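Enquirer: Please work out how this folds:
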Amino acid sequence: MGQENIIKDMEKLEQARNRFITEIAKNIYLYNITPSVGRLYGTVFFSEEPMTLDEMSKAMGMSKTSMSTGIRSLLEADMVERVWERGIRKDLYKVEDDWYKSFSNVFINRWRNATELNKQAIEETKGLLNRLMDETEYEAVRVKAEKDLKKLTEVEEYYGWLTEVISLFETGAIFDIVPKSSKERNKNKSYE
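Expert: Sure, this is the predicted structure:
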């Protein structure tokens, strides 16, 4: 009877874990990561010990090559880290304990790149519009170009703001504004 109960409870434990893993896999696209790699992340997350690629492969029923590719994606996103244990020659991986770090890095990389490209496009477009305004002999074209320049200036303000937000993440100052722990957030609210 005792053996049956522990088996049932272990199945319930796996169901609970699978609930979280399923949700992570569904939403991991926000990190530019595939659902199957999200399931890999969940597997490593719930592992009580750092895992080798062989162990991941066995746990997920997928090839070691797939595990290697997946773990590389997770390493690049700072969601897992390589660890070392005495006497073990294979690479071991565990979940990065600082979820804030992985979010910050993904946020910074994705938004910094997009922001810089858009700011560059704004500058180039403004140059083209200014040149057009100087060269055109048509007032209707000049008026439309002036309106477009005004729109681009407003968008430029947004990208300036976004650059400052990105900087908050790069410097860690975001955590002064929105602390990591709920205890710190609640303490800040009590002074408001």
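Enquirer: Run through who's touching stretch 131-142.
Expert: With C-beta atoms under 8 Å, 6 or more residues apart in numbering as the test, stretch 131-142 has contacts from 145, 146, 149. For glycine as for every other residue, the C-beta is placed from the backbone atoms N, C-alpha and C.
Enquirer: out of these, who has the most neighbours?
Expert: Ranked by neighbour count (other C-beta atoms under 10 Å), those have residue 145 at the top, with 20 neighbours.
Enquirer: hey, where'd the helices end up in the chain?
Expert: For the chain, applying DSSP state H gives helices covering 2-27, 35-46, 53-60, 64-76, 99-135, 139-171, 174-177, 182-190.
Enquirer: Highest mean neighbour count out of those?
Expert: helix 35-46 (a mean of 21; mean count of other C-beta atoms under 10 Å).
Enquirer: per-domain residue ranges of this protein.
Expert: 2-96, 100-181 (automatic domain parsing).
Enquirer: Quick one: end-to-end distance for the first one.
Expert: Domain 2-96 has an end-to-end distance of 36 Å (criterion: C-alpha to C-alpha, to the nearest Å).
Enquirer: One more: the last one?
Expert: Between the opening and closing residues of domain 100-181 lies a distance of 11 Å (C-alpha to C-alpha).
Enquirer: low-confidence ranges in the protein?
Expert: Applying pLDDT under 70 to the chain flags the ranges 1, 184-192.
Enquirer: for the residue lying farthest from the centre of it, phi and psi?
Expert: When distances to the mean C-alpha position of the chain are computed (C-alpha atoms, centre = their mean), the maximum falls on residue 137, with 49.3 Å. Listed backbone geometry of residue 137 is phi -100, psi 0, with angles given as degrees, to the nearest 10.
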